[in-house]
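Q: I'd like to go over a predicted model; first the sequence, then the structure.
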Amino acid sequence: MNIDKNNKSKLVKMSYYTHNDIFTYDIEQELSVGDNCIVQINDDLEFATVVKILDHNEQDKYIETQNKNCSQNCSQNCAKQNNSKSNNSNNKNQKANKKTSVVIKKILHKCSEEDNNKHLQNQEDEKIAFDICKEKIAKHNLKIKLVNAHYYFNKAKLLFEFVSETRIDFRELVKDLASHFHTRIELRQIGVRDEAKILFGANFNFQIIGGKH
């Protein structure tokens, strides 16, 4: 959804997996801090929890900041286009202009009891997936420290995050995992800071809108 001070929607900060992010929802929908919701992240669904409802001042400040950042990015893109070949400039400027509209993620719906139960089952299945992945890492003799396994809400994708001191060729491991779990597999190498987020939760070093901790 495009950010617009005059639209009939509200902004809310939500926590999901290791992230905190801003989402929008229709003003007719009632949400409170602590409510669980299903949100869309790119092409995947996530289980998320409301941690803050932005008031009017915070919402206007967020919109103003995001639109300002978007305008600055557009200006930089346009400046780059002016240095490119003239026969490509029109097409490229059109692409740059498409980036002027800030889009924020939207809440799909508030969780039902069935959704909450599914989330709990996903968490149990993640523990099993974690142990299986560790076994397969050993099988492929890879120097990887597995940190976490995470199912997206609809189980369309299973994410494994790991740390390693070197670059790892894990293509055969991915094939092995995909064959076992019959879903999309993503292996993601992370750093120490991301590992801390996973171990201590999404609120690790979490800064609320307005600069308050």
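A: Perfect, I can see it now.
Q: neighbours of the residue nearest to Asn154 when sequence neighbours are not counted, just the number please.
A: Spatial nearest neighbour of Asn154, chain neighbours left out: Leu45 (4.7 Å); criterion: Cβ to Cβ, 6 or more residues apart in numbering. To be clear about C-beta, it is placed using only N, CA and C from the backbone, and glycine gets the same treatment. Other residues lying near Leu45 total 17 when counted by other Cβ atoms under 10 Å.
Q: Mind telling me what element Leu45 is part of?
A: Taking DSSP states H and E as the criterion, Leu45 maps to strand 44-53.
Q: For that strand, name the packing helices and strands.
A: On a contact count with 3 or more Cβ pairs under 8 Å, 6 or more residues apart in numbering; DSSP states H and E, strand 44-53 meets strand 9-16, strand 36-41, helix 113-139.
Q: Just the angle for that strand relative to helix 113-139, thanks.
A: 120 degrees (axes from the mean of the first three to the mean of the last three Cα atoms, to 10 degrees).
Q: Can you list the buried residues in strand 44-53?
A: Judged by neighbour count using 16 or more other Cβ atoms under 10 Å, the buried positions of strand 44-53 are Asp44, Leu45, Glu46, Phe47, Ala48, Val50, Val51, Lys52, Ile53.
Q: still on that earlier bit, relative to Thr166, which of the helices and strands packed on strand 44-53 is closest?
A: In terms of Cβ to Cβ, the element of the helices and strands packed on strand 44-53 nearest to Thr166 is helix 113-139, at 14.2 Å.
Q: so what secondary structure elements neighbour the closest one?
A: Counting by 3+ Cβ pairs under 8 Å, 6+ apart, helix 113-139 packs on strand 36-41, strand 44-53, strand 145-151, strand 157-163, helix 171-181.
Q: In the protein, where is pLDDT below threshold?
A: 1-9, 26-28, 72-103, 192-193, 195-213 (pLDDT under 70).
Q: domains of it?
A: Following automatic domain parsing, the chain resolves into domains at 1-111, 115-200.
Q: which parts of stretch 31-45 are buried?
A: Leu31, Asp35, Asn36, Cys37, Ile38, Val39, Ile41, Asp44, Leu45.
Q: All good on my end, thank you.
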